[in-house]
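A.B. asks: give the three-dimensional model of this entry:
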Amino acid sequence: MKTESFNKSFIASLALPAFVCYASFWFGLGATRLWDRDEPRNARCAAEMLERNDWVVPYFNDQLRTHKPILLYWMEMTAYQVFGENAFAARLPSAFMGTMSLVGIGILAASFLGRLSGFWAASSLGTCAMMVVACRAATPDAALICTSCWGVVGLVMHWNTQAPKRTAWWWIGFCSLGLAVLAKGPVGIVLPSIVVGLWCVIQEFEKAVDSPVRRRSKPETRWLAIREGTWLFLKSIWVTLGRLQVFTGLLLAISVAAPWYIWVGFRTDGEWLRGFFWEHNFSRAVNAMEGHRGGLWYYPAAALVGLFPWSLLLIPIVAWTWNNLRRPLAANDTLGKPLQQMTLLGVIWIGVYIGCFSIARTKLPSYITPCYPGAALLIGGFLSHWAVGLKTLTKRMMWSGALVHAVAGVAISIGLVVLSKQSSIASIRWDTMWPMVLGGAAIAMVLLADPNRQRAMPSVLVSTFAILLGSIFGVIAPKVDSNRSDLNTMSSMDSDFKWMSVGTIEPSWVFYMRNPIVEVPADPAGILESSARIANHLKSSNGRLLVREENWAAIQIDLQKTYGVEAISVDRFPVFLKNRDLLVIRLVTREDLNLSQHNSSNRR
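C.D. replies: Reported below is the predicted structural model:
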């Protein structure tokens with residue numbers, strides 16, 4: 001009977017994170033086409049590699065792509081072979097990696113505070129806005145989050161076993177860090193290693209300081225205390241290196257990642273390695289590339305946005321975290337110690353990523369997403385205490401929370417209404433009310449404001465947030481996508497056309513036309529210098545030109561006067577969310593001339 005009761009309880013507890021996972025990551029995953037600019041770049045790169053039957057060297061638009069390592073492309077290529085070359089297959093690896101991230105953080109939280117804490121941590125991670133974005137996008141962010149998360153999970157679980165030898169968790173941890181290097185480079189191993197190393201050193205240092213011998217013989221002077229503390233800290237570092245077998249583990253991680261890096265360097269004569277490590281790692285660290293800059297405020301603000309809607313509960317979660325860290329523990333407190341250890345791990349996890357990336361000059365919100373599992377430890381711990389009554393909020397705080405949730409729902413709805421008034425996405429006008437589900441959470445916070453009735457609030461909030469995010473990405477986004485007139489026009493074009501574009505190219509065009517697009521500079525000097533290339537391209541079989549309307553008159557005159565090329569516009573369409581039209585140009589044919597002569601004679 002006990003086993004049956006346990007199974008029913010387990011299944012019931014699993015239902016909420018399973019619903020969150022489906023609503024946030026999988027619902028309507030392939031309902032929208034790929035969004036510019038990174039998604040189609042990565043998706044088309046995998047497709048071109050598959051067409052070349054080359055599993056080593058990444059190419060996009062017939063050019064070497066040095067932006068990201070190979071892991072995402074391998075997963076997308078595998079998905080294409082099963083599901084075909086489409087948006088669902090391109091995003092499938094990210095959704096899978098997101099799901100595995102929920103499993104990993106759930107296991108880690110459960111190891112500290114029990115099964116229910118694991119379910120709450122997984123549910124909270126799956127309802128963070130930037131986590132959902134990463135796991136619904138054909139980008140390497142979800143792969144990095146997952147592999148980094150499992151690296152931390154494996155090594156922390158190994159540490160907590162107190163085993164003198166390598167455990168299965170040790171192998172999982174360092175192999176995951178090797179895969180993280182294949183997902184996004186050195187950051188995949190450096191930062192998780194700092195997180196785990198710092199946490200383990202603090203655990204070992206506290207153990208040494210609180211030892212019975214240490215308590216019996218306190219230093220007589222402050223200088224002796226500092227010297228002894230320094231010695232204990234250095235000793236803690238040495239013990240940590242030994243218990244984690246760091247050097248052997250790093251060799252294991254390198255052995256997972258190094259073969260591909262060596263092979264791609266050999267195949268490209270070092271060009272890929274120079275582009276990736278120098279331009280996309282070192283240069284981004286020391287220079288603000290592509291205008292992506294910000295001050296020390298940038299990543300704390302990015303974290304608040306990325307952790308939405310949970311950032312609406314920032315004050316009670318921070319207060320809960322602070323109280324856990326500063327609370328003195330009794331020697332026999334077997335429940336408080338794991339809670340404090342988990343809280344410390346979450347704080348270190350967040351702090352390392354925000355601190356390190358705040359130093360780097362190039363800044364993007366997605367850079368700190370691998371620390372979201374650490375935030376989920378704190379949110380999940382808070383929710384687990386709230387759900388069993390160990391933590392309650394005052395009525396005033398509940399009413400304030402209700403007001404914050406209601407205002408957030410109204411603000412998002414107003415933003416969508418303003419957006420819907422643009423002609424290109426007017427179809428979402430009736431879906432702008434979806435964010436008002438936050439109003440349901442606000443009503444629940446008012447009705448359950450009494451401390452004796454608050455245990456249901458975590459389930460209400462998680463369900464509400466999952467519905468909100470699922471509706472935005474699974475209902476509203478497909479309707480927005482249906483109004484992407486540039487893709488609608490291009491998808492109807494003959495696949496045999498050969499394309500050249502003047503001054504504008506979107507990666508999604510390359511993906512959906514299944515052909516490379518040659519790009520020509522848009523500035524007047526560049527256009528004139530490239531006129532010969534444009535003329536030769538139009539003269540070629542099935543040659544087509546994409547050009548902005550404002551640039552076409554000058555190009556047409558130059559083609560006629562200099563090269564004797566007669567070309568006409570055969571289509572016009574607006575670029576999605578951009579205030580300009582594009583023209584599709586082709587060479588004038590004999591049929592066009594006959595038609596022109598016929599029309600002229602009819603007018604006479």
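A.B. asks: pLDDT (mean, whole number) over the helix or strand where Met130 lies?
C.D. replies: For Met130, the host element (DSSP states H and E) is helix 129-135. Rounded to a whole number, the mean pLDDT of helix 129-135 is 96.
A.B. asks: downstream of that helix, the next helix or strand is which one?
C.D. replies: Next along the chain after helix 129-135, taking DSSP H and E as the criterion, comes helix 141-161.
A.B. asks: mind listing what's buried in that following helix?
C.D. replies: Neighbour-count burial for helix 141-161, counted by 16 or more other CB atoms under 10 Å, picks out 141-160. In this view, the C-beta of every residue, glycine as well, is placed from N, C-alpha and C.
A.B. asks: same thing with stretch 291-302?
C.D. replies: For stretch 291-302, the buried set under the neighbour-count rule, 16+ other CB under 10 Å, comprises Gly294, Tyr298, Tyr299, Ala302.
A.B. asks: so which of those residues are in strands?
C.D. replies: When DSSP state E is applied, the buried residues of stretch 291-302 are split such that none fall in strands.
A.B. asks: just put those in CSV and tack on pLDDT.
C.D. replies: Below are those laid out as CSV (pLDDT from 0 to 100):
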residue, pLDDT
Gly294, 87
Tyr298, 94
Tyr299, 94
Ala302, 95
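A.B. asks: now flag whichever of these is closest to Ile359.
C.D. replies: Ranking the buried residues of stretch 291-302 by separation from Ile359, with CB to CB as the measure, puts Tyr299 on top at 10.3 Å.
A.B. asks: just give me the neighbour total for the nearest residue to the closest one once chain neighbours are set aside.
C.D. replies: Nearest-residue entry for Tyr299: Ile354, 4.5 Å, with adjacent residues in sequence omitted and distances by CB to CB, 6 or more residues apart in numbering. Per other CB atoms under 10 Å, the neighbour tally for Ile354 reads 18.
A.B. asks: quick check, Ile354 in contact with Pro370.
C.D. replies: No. Checked against CB atoms under 8 Å, the pair Ile354 and Pro370 is beyond contact range at 11.1 Å.
A.B. asks: re the thing from before, where's the residue nearest to Tyr299, which helix or strand?
C.D. replies: Assigned by DSSP H and E, Ile354 falls within helix 336-359.
A.B. asks: for that helix, buried residues please.
C.D. replies: Buried residues in helix 336-359, counting neighbours by 16+ other CB under 10 Å, are found at 337-350, 352-354, 356-358.
A.B. asks: residues in contact with the helix holding Met130?
C.D. replies: 24-25, 94-95, 97-99, 101, 125-126, 141-142, 145, 305-309, 365-366, 369, 372, 469, 473 (CB atoms under 8 Å, 6 or more residues apart in numbering).
A.B. asks: from these, which land in helices?
C.D. replies: Helix and strand membership here follows DSSP state H; of the contacts of helix 129-135, those in helices are 94-95, 97-99, 101, 125, 141-142, 145, 305-306, 372, 469.
A.B. asks: counting neighbours, which of the residues you listed comes out on top?
C.D. replies: Within the ones in helices among the contacts of helix 129-135, most neighbours by other CB under 10 Å means Leu125, with 34 neighbours.
A.B. asks: so who does it touch?
C.D. replies: Residues touching Leu125, when contacts are defined by CB under 8 Å, 6+ apart, comprise Ser101, Leu102, Ile105, Met131, Tyr372, Pro373, Ala375, Ala376, Ile379, Gly380.
A.B. asks: go on, Lys391?
C.D. replies: For Lys391, the contacting residues are Trp320, Phe382, His385, taking CB under 8 Å, 6+ apart as the criterion.
A.B. asks: before we move on, what SS does it have?
C.D. replies: With DSSP: H, G, I helix; E, B strand; the rest coil as the basis, Lys391 sits in coil.
A.B. asks: Ser492 - that's part of a helix, no?
C.D. replies: No. Secondary structure assignment places Ser492 outside any helix; it is coil (three-state DSSP).
A.B. asks: count of neighbours near it?
C.D. replies: 8.
A.B. asks: from Val209, how far out is it?
C.D. replies: Counting by CB to CB, to the nearest Å, the gap between Ser492 and Val209 amounts to 71 Å.
A.B. asks: kindly report the same for Thr230.
C.D. replies: Relative to Val209, Thr230 is positioned 12 Å away (criterion: CB to CB).
A.B. asks: Ala449 too?
C.D. replies: 43 Å.
A.B. asks: between those two, who's got more neighbours?
C.D. replies: Each of Ala449 and Val209 has its neighbours counted (other CB under 10 Å); Ala449 has more, 19 against 14.
A.B. asks: so the more buried one, which state does it fall into?
C.D. replies: On the three-state scheme (three-state DSSP), Ala449 is labelled coil.
A.B. asks: swap in Leu583?
C.D. replies: The three-state label given to Leu583 by three-state DSSP is strand.
A.B. asks: quick check: closest non-adjacent residue to it.
C.D. replies: Spatially, and ignoring its direct neighbours in sequence, Leu583 is nearest to Ser569 (4.5 Å; CB to CB, 6+ apart).
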